[in-house]
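# Give the three-dimensional model of this entry:
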Amino acid sequence: MPTMDTLFTVFLLLSSKAFLWRVCHASSYSPLIRSDLGRRPTDEQPLSKIAVHKALIALHESASIQASPLLLGLKGEDTAWVNVELSYPDPSEDDWVGVFSPANFNASDCYPESGKSHEAPCICTSPIKYMYANHSGSNYITAGKAKLSFQIINQRADFSFALFTGGLENPKVVAVSDPISFVNPKAPLYPRLAQGKAWDEMTVTWTSGYNIDEATPFVEWGWKGHDPKLSPAGTLTFTRGSMCGEPARTVGWRDPGFIHTSFLKELWPNTMYNYRIGHRLLNGSVVWSKMYSFKSSPYPGQDSLQRVIIFGDMGKAERDGSNEYASYQPGSLITADQLISDLDNYDIVFHIGDMPYANGYISQWDQFTAQVEPIASIKPYMVASGNHERSWPNSGGFYDTKDSGGECGVPAETIYYVPADNRAKFWYSTSYGMFHFCIADSEHDWREGSEQYAWIEKCLASVDRKQQPWLIFAAHRVLGYSSNSWYAMEGSFQEPMGREHLQKLWQKYKVDIAFYGHVHNYERTCPIYQNQCVNMERYSYSGTVNGTIHVVVGGGGSHLSDFTEIDTVWSLFKDHDWGFVKLTAFNHSSLLFEYKKSRDGLVYDNFTISRDYRDVLACVHDGCEPTTLAS
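Numbers count the residues shown, from 1 in each chain. Sure, this is the predicted structure:
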């Protein structure tokens, strides 16, 4: 293995004494260097706290950092623990270690957003994660030595570890490790299933380092014990130029690799299938993934046990404690681990927006797909578009905030498949047995007269309620009801113009339950129409569908949101904790709703719906067309 990469070569040529000082000019990047004044630290992507373009190169002859092992994944693993030993004669409590990938983070990767050039060498990209040198609780401050452990996932390139002094706001590189790498950095990884456009179709999407000019992607699949089938895969990617702004176009950019999707068709209902991913190289050999399995969807209207998980706003966190673990998305691993432990007891997942909160730091999408891989590789993992995926000024969205960090929906729309007619317009319908789901895109206009409004009505109107009695509407932002404090301060208890335009559709087509994220807590309303509870029951509903129950289930893992002190009479249950909802359809007449906390998996709120088809047909206020008395 080489003792140093190109970065050291450049540095050492410029250095002849114990220290090398070189500034990477930051004048044109001042918007990237934020202040925490007036903001909660939990609101800010941890990587954005690093003033990358203020970094000084200050290699110290007595400082060192070593990482081992140098070669990872010798047994085919896509995740590995790396031990890092560091030494620095002038330690301080804000010294930190950054993990960079690719390992050579020199000036060749710079992207001058402003059009101004930079003097080399400088650091032009953010690390993929970081950890304070005294994280291990050792005597680093007194002895200047520490041992750290990082969990690394395969991300299609090598890695290096850099020791910084000066804190996050005035970082100075004093030592850089030799590079480390996985045996096959390009290996196919992190499969994620999704329902196709037809009920008997499952899609498999994954990430690799292989473009189509060096390997052909496909999926081998079939019943256990039978001859497997082969299905081809399409390949997509996106570039820095696809991003709408910084940091996604600047320090947050990282090559996303290649995204492959294969369509497994003509599946038998409720049948277990095995599958594995393959890339056929030019020499004829095949690079294989691990073997996975999934259960196909039931036939629409099929009477069988069907169980659905719904939540929003999960985020991601690092199991090694890096990136200020538990300060940004503190419950994400709690929710993920609870769902992983309960895989046998549900069939499909809906994650309704705000997935990794990458906010323009593209490396975090790999981290998120790895976090949910134990779920998404086995269960259909359906997603919706949230503000942290899509929102960016002048990008064609409905909001002009900068919540996506310049991503403007591109990573989400490429990395995850949804059965939408146009994935840039992230609204779609899907069926699962007795359920029919209309998943809206709250980041695009939903108002009456818009393209999406027409689609929502078509989705709701097209359902055969005799076969699919359970009609579910979902969107990321709260288009219905929420007792959240910031909505209360705006005097709306909802996204402005949300229910003003949509409640007539929910009522007309008798939507059972509407789900939302965005607000990071749990709340359930009574069956409601026009701000009035139309059913005074709390835990058991039967008969006519005379109003829609609205549920906020945004406690998937992000920092929690506060409730207003105002007593909202339509609110039946609130919980300031992380959790998710489970829907269980026993048959065409019985549905169980359960809200579970992520920390223990126990049920803290529930209700049942019992009814027959004639109850769906019954007329309710504003829910039926006028009739005539003509004979």
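# In the longest helix belonging to the chain, which residues are buried?
Secondary structure assigned by DSSP state H gives helix 363-376 as the longest helix of the chain. The neighbour-count check on helix 363-376 (16 or more other CB atoms under 10 Å) flags 363-373, 375-376 as buried. Every C-beta, even on glycine, is put in place using the N, C-alpha and C of the backbone.
# Repeat that for stretch 607-618.
For stretch 607-618, by 16+ other CB under 10 Å, it's 607, 609, 611, 615, 616.
# what sits up against the longest helix of the chain?
For helix 363-376, contacts defined as CB atoms under 8 Å, 6 or more residues apart in numbering pick out 45, 47, 78-79, 101, 126, 128-129, 153, 155, 189-193, 207, 254, 256, 314, 316-318, 332-333, 336, 339-340, 343, 349, 351, 355-358, 381, 411, 415.
# gap between that helix and the chain center?
Centroid separation between helix 363-376 and its chain, computed with CA atoms, centre = their mean, to the nearest Å, is 8 Å.
# Pull the CA coordinates from that helix and hand them back as PDB.
Extracted C-alpha coordinates of helix 363-376, given in PDB (Å, rounded to 0.1, in the frame of the first residue of the first chain):
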ATOM      1  CA  SER A 363     -22.700  11.500   1.000                       C
ATOM      2  CA  GLN A 364     -25.500  11.200   3.600                       C
ATOM      3  CA  TRP A 365     -27.900   9.500   1.100                       C
ATOM      4  CA  ASP A 366     -25.600   6.500   1.100                       C
ATOM      5  CA  GLN A 367     -25.600   6.600   4.900                       C
ATOM      6  CA  PHE A 368     -29.400   6.600   4.900                       C
ATOM      7  CA  THR A 369     -29.800   3.800   2.400                       C
ATOM      8  CA  ALA A 370     -27.400   1.700   4.500                       C
ATOM      9  CA  GLN A 371     -29.400   2.500   7.700                       C
ATOM     10  CA  VAL A 372     -32.800   1.300   6.200                       C
ATOM     11  CA  GLU A 373     -31.300  -1.500   4.100                       C
ATOM     12  CA  PRO A 374     -32.400  -4.300   6.500                       C
ATOM     13  CA  ILE A 375     -36.000  -3.100   6.000                       C
ATOM     14  CA  ALA A 376     -36.000  -1.900   2.400                       C
END
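# rewinding a little: tell me the one of the buried residues of helix 363-376 nearest residue 294?
residue 376 (10.1 Å; CB to CB).
# do you know how far that closest one is from residue 332?
14 Å (CB to CB, to the nearest Å).
# Okay, strands next: where are they in the stretch 301-450 of the chain?
306-311, 348-351, 381-383, 428-432, 435-439 (DSSP state E, counting those that start in this stretch).
# And those: which comes nearest residue 286?
Checked against CB to CB, the stretch from the strands of the stretch 301-450 of the chain lying closest is strand 381-383, at 25.9 Å.
# quick check: mean pLDDT across that closest one?
If you average the pLDDT over strand 381-383, you get 98.
# what are the pairing partners of that strand, and which direction each?
strand 348-351 (parallel) (DSSP bridges).
# Bridged to residue 592, which residues?
Bridge pairing for residue 592 - DSSP bridges - gives residue 584, residue 608.
# just checking, it touches residue 606?
Yes: assessed by CB atoms under 8 Å, residue 592 is found in contact with residue 606 at 6.9 Å.
# what residues do these two have in common as contacts?
In contact with both residue 592 and residue 606: no residue, using CB under 8 Å, 6+ apart.
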